[in-house]
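Engineer: Predicted coordinates and the sequence they were generated for:
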Amino acid sequence: MSKACRAFRARPGGWLAAALIAVAALAAGDAAAASIQRGQTLARTYCASCHAIDRTSPSPLTIAPPFRELHRRYAVENLSEALAEGIMTGHPSMPQFRFDPDQVEDFIAFLKSLEPRR
């Protein structure tokens, strides 16, 4: 029996604590996945006509950078303020828009999901 198993057996409620931690981790993962999905929906709605929003496609508008490459130019977290206040310029044909705080969080989560895994 492993050391971890012996420690749990020695403590009443040890398995319960481990199960609760596992459930909390799964819930956090589900919440992160949902945030990324909402961010992807925003990107598809507002951005995909100009920007590539996946890991492989070229941008429909050649001067619009693919979202998968934004992390090379900026720390994507630093875009939060601009997204909340309204990006006025990005490329010449880019429309002005503004996201609500929850949308900003989801959009940033989506952009980060496009970064290479380390």
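Structural biologist: Cool, got the structure. As the structure is a computational prediction, the values presented were derived from the model and not from experiment. Numbers count the residues shown, from 1 in each chain.

Engineer: in this protein, which spans are strands?
Structural biologist: Counting by DSSP state E, the chain has no strands to list.

Engineer: And the pLDDT at the nearest residue in space to E85 that is not next to it in sequence?
Structural biologist: With C-beta to C-beta, 6 or more residues apart in numbering as the criterion, E85 has its nearest non-adjacent residue at 6.7 Å, and that residue is R98. Where C-beta positions appear, they are placed from N, C-alpha and C, glycine not excepted. In the predicted model, R98 carries a pLDDT score of 83.

Engineer: Might you report the residue contacts of R98?
Structural biologist: 83-86 (C-beta atoms under 8 Å, 6 or more residues apart in numbering).

Engineer: let's go with 10 Å and repeat that
Structural biologist: By C-beta atoms under 10 Å, 6 or more residues apart in numbering, the residues touching R98 are 82-88, 104.

Engineer: out of the residues you listed, which are buried?
Structural biologist: Applying 16 or more other C-beta atoms under 10 Å to those, the neighbour count classes 82-83, 87, 104 as buried.

Engineer: Any chance of JSON lines for these, columns pLDDT?
Structural biologist: As requested, the buried ones among the contacts of R98 are exported to JSON lines (pLDDT from 0 to 100):
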{"residue": "A82", "pLDDT": "83"}
{"residue": "L83", "pLDDT": "86"}
{"residue": "I87", "pLDDT": "72"}
{"residue": "V104", "pLDDT": "93"}
